[in-house]
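Engineer: Just need the structure, nothing else, for what follows:
(one chain, ligands or ions: 1)
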Amino acid sequence: MALHDVSWRPSATPLDRASAAFLADAEARIDAFFEERWQEPIVGFVPSDFARLWPVLAAVREQELAPGDRFCEWGCGFAVVAGLAARLGFAAHGIEIERDLVEAARPLLAAHALDVALACGSFIPPGGERLAQIKAEMAWLVTDGPDGHALLQREPDDWDVVFAYPWPGEEHVIERLFDRYARTGALLITWRTEKGARVQKKR
Ligand SMILES: C[S@@+](CC[C@H](N)C(=O)[O-])C[C@H]1O[C@@H](n2cnc3c(N)ncnc32)[C@H](O)[C@@H]1O
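Structural biologist: As a prediction, this is how the structure comes out:
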């Protein structure tokens, strides 16, 4: 694997008012979504800890850790991390397989005037399904669906920064896909339930 951990310092820049309002609204909408869907949950959707991701994204920006500003959230749910990336000046995109989540993300982003391009499709590029096979019973990952990169009129190696929140213990699936498809120099940020953020670079 050509992935290496990147050393980074959490940014000390506090969450600005507009970003804080965005997060508060996102959390309220996600709570309402769970409430509404309690009998029909989308099992793969678990939101990450957005406030704890802000200092990571801000560090990537301030410490110039990425080769450019094209950002994609793989499996974006409500696209909150992509929204924060947009607040920080990244050209933000999100790919999500569940239409109901994409439809919930759009009005949230619009309410905060956040420019995030969304695609309802899969972040697993065609041919990558084999790398994404998981034997676990409760796999969160959907391994079919239209190519989300193509829907965004992008290639999988266009991204400078990819963010994903994989199921605990299944980080290697995202790493394998990123290692195979990302461009050299691109950054992979993963959120890990117990351990927080990990930042890796493809060399
Ligand atoms: C653990 S949730 C994380 C959601 C969001 N990134 C966050 O941090 O709040 C993983 C998301 O990936 C989506 N997903 C699973 N397989 C996918 C695929 N092949 N392509 C796109 N989205 C996928 C799920 O529907 C779910 O919303």
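Engineer: Do a quick rundown of the helices in the protein.
Structural biologist: With DSSP state H as the criterion, the chain has helices at 17-36, 50-62, 80-87, 99-111, 148-151, 171-181.
Engineer: Would you mind getting the angle between the second one and helix 80-87?
Structural biologist: For the pair helix 50-62 and helix 80-87, the angle between their directions (axes from the mean of the first three to the mean of the last three CA atoms, to 10 degrees) equals 40 degrees.
Engineer: Check the first one too.
Structural biologist: Using the same axes, to 10 degrees, the inter-axis angle of helix 17-36 relative to helix 80-87 is 160 degrees.
Engineer: Work out the gap between helix 17-36 and the centre of the chain.
Structural biologist: Offset of helix 17-36 from its chain centre (CA atoms, centre = their mean, to the nearest Å): 17 Å.
Engineer: How about the residues of this structure by the ligand?
Structural biologist: 42, 44-48, 73, 75-77, 80-81, 95-98, 101, 122-124, 140-142, 145, 165 (CB under 6 Å from any ligand atom). C-betas here are computed from N, CA, C, even on glycine.
Engineer: Tell me how many other residues surround Lys195.
Structural biologist: 10 (other CB atoms under 10 Å).
Engineer: measure the residue lying closest to Phe71 once chain neighbours are set aside to Trp159 for me?
Structural biologist: Leaving aside its chain neighbours, Phe71 sits nearest to Phe90 (3.8 Å; criterion: CB to CB, 6 or more residues apart in numbering). Using CB to CB, to the nearest Å, Phe90 is found at 10 Å from Trp159.
Engineer: Also Glu129?
Structural biologist: 19 Å.
Engineer: likewise Leu108?
Structural biologist: Taking CB to CB, one finds Leu108 at 22 Å from Trp159.
Engineer: Spit out the contact partners of Arg17.
Structural biologist: Taking CB atoms under 8 Å, 6 or more residues apart in numbering, we find Arg17 in contact with no residue.
Engineer: circling back to that earlier point, of all the helices of the chain, which one is nearest Leu187?
Structural biologist: helix 50-62 (6.5 Å; CB to CB).
Engineer: Do me a favour and average the pLDDT over the closest one.
Structural biologist: Across helix 50-62, pLDDT averages out at 97.
Engineer: One more: stretch 161-168?
Structural biologist: On average, stretch 161-168 scores 94.
Engineer: Can you give the contact residues for it?
Structural biologist: 44, 46-48, 53, 60, 66, 69-75, 81-82, 85, 90, 123, 136, 138-141, 173-174, 178, 182, 186-194.
Engineer: Repeat that for stretch 97-108.
Structural biologist: By CB under 8 Å, 6+ apart, stretch 97-108 touches 25-26, 29, 33, 37, 42, 44-45, 75-80, 83, 94, 96, 116, 118-122, 142, 145, 148.
Engineer: ok, now which ones touch the most centrally placed residue in the chain?
Structural biologist: With the centre of the chain defined as its mean C-alpha position, the nearest residue by CA atoms, centre = their mean is Glu73, 2.7 Å away. Shown in contact with Glu73 (CB under 8 Å, 6+ apart): Ala79, Val81, Ala82, Ala85, Ala92, His93, Gly94, Ile95, Val162, Phe163, Ala164.
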